[in-house]
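Peer 1: whatever this is, show me its structure:
(chains A and B)
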2 protein chains.
Amino acid sequence: MAKDVTSYEKNYAQWYNDLVLKADLAENSAVRGCMVIKPYGYAIWEKIQATLDKLFKDTGHVNAYFPLFIPKSFLSREAEHVEGFAKECAVVTHHRLMNSPDGKGVVVDPAARLEEELIVRPTSETIIWNTYKNWIKSYRDLPVLCNQWANVVRWEMRTRLFLRTTEFLWQEGHTAHATKAEAIEETLRMVHVYEKFAREWMSIPVIVGAKTASERFAGAIDTLCIEAMMKDGKALQAGTSHFLGQNFAKAFDVQFATKEGGLEYVWATSWGVSTRLMGALVMAHSDNNGLVLPPKLAPIQVVLVPIYKGDEELAQMRERLQQLKNELADKGIPAKIDDRDNVRSGFKFAEWELKGVPVRLALGPRDMQNHTIEIARRDTLEKQVLPQAGVAGFIEKLLPQMQANIYKKALDFREKNTFTVDSYEEFKQRIENGGFFLCHWDGTAETEEKIKEETKATIRCIPFDSPDVPGCCMVTGKPSAKRVVFAKAY
Amino acid sequence: MAKDVTSYEKNYAQWYNDLVLKADLAENSAVRGCMVIKPYGYAIWEKIQATLDKLFKDTGHVNAYFPLFIPKSFLSREAEHVEGFAKECAVVTHHRLMNSPDGKGVVVDPAARLEEELIVRPTSETIIWNTYKNWIKSYRDLPVLCNQWANVVRWEMRTRLFLRTTEFLWQEGHTAHATKAEAIEETLRMVHVYEKFAREWMSIPVIVGAKTASERFAGAIDTLCIEAMMKDGKALQAGTSHFLGQNFAKAFDVQFATKEGGLEYVWATSWGVSTRLMGALVMAHSDNNGLVLPPKLAPIQVVLVPIYKGDEELAQMRERLQQLKNELADKGIPAKIDDRDNVRSGFKFAEWELKGVPVRLALGPRDMQNHTIEIARRDTLEKQVLPQAGVAGFIEKLLPQMQANIYKKALDFREKNTFTVDSYEEFKQRIENGGFFLCHWDGTAETEEKIKEETKATIRCIPFDSPDVPGCCMVTGKPSAKRVVFAKAY
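Peer 2: Have a look, this model is predicted:
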């Protein structure tokens, strides 16, 4: 078990926080609720960004950038939207400081009060649709398929690194379409892009489905989502894609001339994932030794550690390891030699395990003689000794196997912790231990609210790929079209 | 001349603004001084970002992310720093809105006033050095070589798209070193990275040098810069690299245990370039037909336009153009076929010239018969007819030639507009027409200020690569070690 890391059986929340800190992913800053994303954490985020960016461009999207600030009056234009965001936003009221009259530091200059307050964007629908008004005149201007990589601010009262922070990084896609069908198609397309990314890069199986009305994005007609299971059996919403109907087009008066000569409101979608994915990555795969990074998102895929006595031995080993590193580089495998002289190799092993590096190579004196090397897999913790010749090729084949194995472990875990339950009594007991519960629900907000109040579990989604087998609501006994997914959630 | 674009001889400022708008680079938003970077402009910025990011990583830097907000008290810690930034910052004072008592919209909730105001970062030295305090304990923790890609806000009273906006995008490197020499070396390294980027990617020759004391960054011991000449003969500061000494380490008490067992303050640098580079790109190369993009930064390097009558001809041409586009793609050359049916080819030619696409291929009915194609260069506006076979290879060779030619034109222009002047009378007359002036200056802030007041010209830098030939100050006649560069500047 990693030093200074609480075991997850003992205290899951503390284990998570310890890992994020000790693996150098992020830390709290001097600003309440705002985090510092440290270089190692940011390197993972860069891989997430680069991959998603390519997936967005492959599906026809382009990037743009819209202002950080939103005039207060814009938020109010869409009634549900302001209701959803007004209570947690950072408000800029002044544009200048001045020397304090008492000579101590600086104070806000009362003469520099803004005529209209500016909100630091919690999401950008309003400022973007105000912009789209000028971009869209005719059906020829559609679709508009923009994405933005940006920081947003939501004034959260209880924050946790990556999972819920006042400022976070994200991407937000905002698209405009001529028809309802096209916008709905886009909403679906993007939730499936997220599903694919979670599966193929993050090695996280997710349930794709629709949110219930009470869990929808403020201003959306329909919110689709991907839901992942964390190792404590709780759900984490990892991405959302919203069909916004004509709500924002109407709020900002965005109409277009149709091919037929009419004038119609534009149809909209928005979709986003955030640095929250980093939290999902940690909580889906890690163990008490630390992170387990899927190879595709690991900034360092292989760490090479010499086990040496004296400078002469180190020099020889360094040369050999450099050759191996070059062989790995030729195959596009990022590797790092850890030849620090102030810590023991056992310390190094623990540190790289903590940081989730997929493969560790250790080279000892006997290996030098025998032309062998010890290879250790982070996902299974298995070790074996291999001939040095061909080890790069071995690793090249191993990494995708590890990627698949990490996915399989997460899928097995989710399946083991997904339960079909028909009795509300049983549900109430078992939900305490975590897991996904497939249950019938009568479709009303009242029942949903009652369950939430009594158990803290929410409907994570109405899944797309579950069979349409009707039944009776576990609480009211009223008819239900299909089972929905209940869980406690982050 | 491009439609709706003012000629630059007539009104340079209006010409610039017209180009930025008409070429779809950016536009003003509903928020005073904040711009929307449109997809075409952002695609250029993405190329700038990707290139610089690689140059930073190649020189050993890593990316991280620090909070958007800075506690007000942090700004005051470094006396010059707060002096420099307090007068132009966005201040967050509240964290919640509420429904207006009069039922109209939302108002700031007075109960949600922050205990300490937060400043939207105008630059991040203070929040970063407060973080580094926890990262740096020993000489083994040094150097720290972090860069951040972020948005910053400076409340500018007079804004211009890209050149001076309230919010802008930038990168800011913040490094920490054990010795003064190492920090100075880093400051130099990075200004030369900027110089290389300007030269090789932006095709802009820049003068590298040091700022005078009065033009230094608030809190720096020394500010190095790259200065570029725009087409109106004015200078544009395109990047800066600061040697910060131990100022921020002292302000935030960042000390490290030396190898020898002592305790010393850490040495710092910071360096940045911003979306201002987009303005430099426009103003260094464009003409009255529009942008002239250096091929390496052009999102679309080749546009292919069919000149057709009727659907059948279009279908044949589209097929041929698609083949050519594929051949270009095989060589890594991004190309676009413009087969719009609602505008004439003359309109298309003008539009792609306006957008600065380096190469245009036009395919007419005679070309289809003769297996030829017309190629037009954006930089020289020269056209020629070539056999279709081999045109991709021709373009592959042409693009680097164009890149070099655009650089040469800018260099020739700068040389033609750089003057060695020894008389202040002559200086005062000639500075009105723009250009760089190499003059002797006595090294005092008083003389510098007098010149600025009387001519609006400033010392852009004390250039590194000019000969150390002493002389007499053109204003006071006092001794001067070497000529400095005067110009009016953006």
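
Peer 1: wait, isn't A:E454 in contact with A:I431?
Peer 2: No. The criterion here is C-beta atoms under 8 Å, and A:E454 misses it with A:I431 at 9.6 Å. In this view, the C-beta of every residue, glycine as well, is placed from N, C-alpha and C.

Peer 1: between those two, which one's more packed in?
Peer 2: Between A:E454 and A:I431, A:I431 has the larger neighbour count (other C-beta atoms under 10 Å in any protein chain shown), namely 23 against 13.

Peer 1: give the contact list for that one.
Peer 2: By C-beta atoms under 8 Å, 6 or more residues apart in numbering or on different chains, the residues touching A:I431 are A:437, A:455, A:457, A:486-488.

Peer 1: I'd like the distance between it and chain B.
Peer 2: Here the distance between A:I431 and chain B works out to 33 Å (C-beta to the nearest C-beta, to the nearest Å).

Peer 1: how near is that residue to A:C473?
Peer 2: According to C-beta to C-beta, to the nearest Å, A:I431 and A:C473 sit 16 Å apart.

Peer 1: A:L328 now?
Peer 2: A:L328 is 56 Å from A:C473, by C-beta to C-beta.

Peer 1: which of these two has more neighbours?
Peer 2: Remark: of A:L328 and A:C473, A:L328 carries more neighbours, 22 against 19, as counted by other C-beta under 10 Å.

Peer 1: mind checking the SS state of that one?
Peer 2: helix (DSSP: H, G, I helix; E, B strand; the rest coil).

Peer 1: list the contacts for the closest residue to it other than its chain neighbours?
Peer 2: Once flanking residues are discounted, A:L328 sits nearest to A:A335: 4.5 Å by C-beta to C-beta, 6 or more residues apart in numbering or on different chains. For A:A335, the contacting residues are A:300-304, A:324-325, A:328-329, by C-beta under 8 Å, 6+ apart.

Peer 1: repeat that with 10 Å
Peer 2: A:300-304, A:321, A:324-329, A:357, A:359, A:361, A:392, A:395 (C-beta atoms under 10 Å, 6 or more residues apart in numbering or on different chains).

Peer 1: among those, which are in strands?
Peer 2: A:302-304, A:359, A:361 (DSSP state E).

Peer 1: between all of the residues you listed, which two are separated the most?
Peer 2: A:L304 and A:V359 (9.4 Å; C-beta to C-beta).

Peer 1: so what sits against both of the two?
Peer 2: A:328, A:335.

Peer 1: confirm for me that A:A43 is in contact with A:K336.
Peer 2: No. Applying C-beta atoms under 10 Å as the test, A:A43 and A:K336 come out as separate, 11.6 Å apart.

Peer 1: what's near enough to touch A:T444?
Peer 2: Contacts of A:T444 (C-beta under 10 Å, 6+ apart): A:212-213, A:450, A:473, A:475-476, A:478.

Peer 1: the residues you listed also near chain B: which ones?
Peer 2: Contacts with chain B are made by none of those, judged by C-beta under 10 Å from any C-beta of the partner chain.

Peer 1: closest to chain B out of those residues?
Peer 2: Set against chain B, the nearest of the contacts of A:T444 by C-beta to the nearest C-beta is A:A213 (22.3 Å).

Peer 1: okay, now the closest one: neighbour count?
Peer 2: 14.

Peer 1: gap between the residue lying closest to A:A213 once chain neighbours are set aside and A:L224?
Peer 2: Leaving aside its chain neighbours, A:A213 sits nearest to A:A445 (6.3 Å; criterion: C-beta to C-beta, 6+ apart). Distance of A:A445 to A:L224, given as C-beta to C-beta: 19 Å.

Peer 1: more neighbours, those two?
Peer 2: A:L224 (28 against 10).

Peer 1: send me the helix or strand that contains that one as CSV with only the CA atoms.
Peer 2: Assessed by DSSP states H and E, A:L224 sits inside strand A:222-229. Provided in CSV are the C-alpha atoms of strand A:222-229 (Å, rounded to 0.1, in the frame of the first residue of the first chain):
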residue,chain,number,x,y,z
ASP,A,222,-33.8,16.7,-23.2
THR,A,223,-30.5,15.9,-21.6
LEU,A,224,-28.5,12.8,-22.6
CYS,A,225,-25.7,11.6,-20.5
ILE,A,226,-23.0,9.0,-19.9
GLU,A,227,-22.9,7.5,-16.4
ALA,A,228,-19.9,5.7,-15.0
MET,A,229,-19.6,3.5,-11.9
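
Peer 1: thinking again about what came up before, TSV for the ones in strands among the contacts of A:A335, including pLDDT and distance to chain B?
Peer 2: Formatted as TSV, the ones in strands among the contacts of A:A335 follow (pLDDT from 0 to 100; distance: C-beta to the nearest C-beta, whole Å):
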residue	pLDDT	distance to chain B
A:V302	98	18
A:V303	98	16
A:L304	98	19
A:V359	98	21
A:L361	98	23
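
Peer 1: thought A:K87 was touching B:A112?
Peer 2: Yes. Using C-beta under 10 Å as the test, A:K87 is close enough to B:A112 to be in contact (8.8 Å).

Peer 1: now the common contact residues for these two.
Peer 2: What both A:K87 and B:A112 touch, as defined by C-beta under 10 Å, 6+ apart, is the set A:155, B:95-98.
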